[in-house]
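# Please find the sequence and the predicted model below.
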Amino acid sequence: MGTKGDRRTGAADVAATDLVDRIGSVAEVTQKKMFGGVGIFAAGVMFGIVDSGGAIFLRKGEGNAEIFEAAGSQQHGRMPYFSVPAQVMRDDEALDTWAAAAAAVAHAARKK
């Protein structure tokens with residue numbers, strides 16, 4: 001969830017905990033330390049990642065692609081996860097909306 005060999009920092013753990021605490025509309029949210037970062041899951045399906053430095057990325061796909069594109073979000077490597085803009089991170093309601101949409105995309109992709 002970062003560059004190969006990166007180690008998770010305290011910033012990653014703090015960002016992941018903060019994200020989980022702030023997204024109230026997403027059911028059964030959990031976090032799991034993995035690959036030098038943290039995976040964010042909804043009902044067992046990963047829909048977000050926090051890289052080793054604490055940057056947050058959410059799952060992009062059919063249903064929420066437009067919001068990421070309009071915001072100029074950057075892709076995390078070759079994964080279908082894109083950065084969450086600072087203005088969204090400062091707005092609890094917007095963050096909750098983005099997270100719920102990312103969780104829905106992740107669950108829909110899993111069903112295919």
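Sure thing, it's come through.
# Next, the residues that contact the one helix or strand V38 maps to from outside, please.
V38 belongs to strand 37-42 when assigned by DSSP states H and E. Identification of contacts with strand 37-42 by CB atoms under 8 Å, 6 or more residues apart in numbering yields 1-2, 6, 8, 12-13, 15-16, 19-20, 26-32, 46-52, 103, 106-107. (Each C-beta comes from the backbone N, C-alpha and C, glycine too.)
# Check what contacts the following helix or strand past that strand and list those residues.
Toward the C-terminus, strand 37-42 is succeeded by strand 45-50 as the next helix or strand (DSSP H and E). Outside strand 45-50, the residues within contact range by CB under 8 Å, 6+ apart are 1, 12, 15-16, 19, 26, 31, 37-41, 56-59, 76, 79, 81, 99, 102-103, 105-107, 110.
# If we use 7 Å, what do you get?
1, 12, 15-16, 19, 37-41, 56-59, 76, 81, 99, 102-103, 106-107, 110 (CB atoms under 7 Å, 6 or more residues apart in numbering).
# heading toward the C-terminus, what's the first helix or strand past it?
strand 56-59.
# name the helices or strands packed onto that following strand?
strand 45-50, strand 81-83, helix 92-111 (3 or more CB pairs under 7 Å, 6 or more residues apart in numbering; DSSP states H and E).
# Filter the contacts of strand 45-50 down to the buried ones.
1, 12, 15-16, 19, 37-41, 56-59, 76, 81, 99, 102-103, 106 (16 or more other CB atoms under 10 Å).
# who's the residue positioned nearest the centre of the chain bridged to?
Centroid-nearest residue in the chain: G48, 2.5 Å away (criterion: CA atoms, centre = their mean). Beta bridges link G48 to I40, L58 when assigned by DSSP bridges.
# Give me the local confidence score for it.
On the pLDDT scale, G48 is placed at 97.
# Same check on G5?
The predicted local confidence for G5 is 50.
# Same check on A11?
So A11 comes in at 88 (pLDDT).
# my guess is it is in a helix, correct?
Yes. Counting by DSSP: H, G, I helix; E, B strand; the rest coil, A11 falls inside a helix.
# So it sits against G54, correct?
Yes. Counting by CB atoms under 7 Å, A11 does reach G54; the two are 3.3 Å apart.
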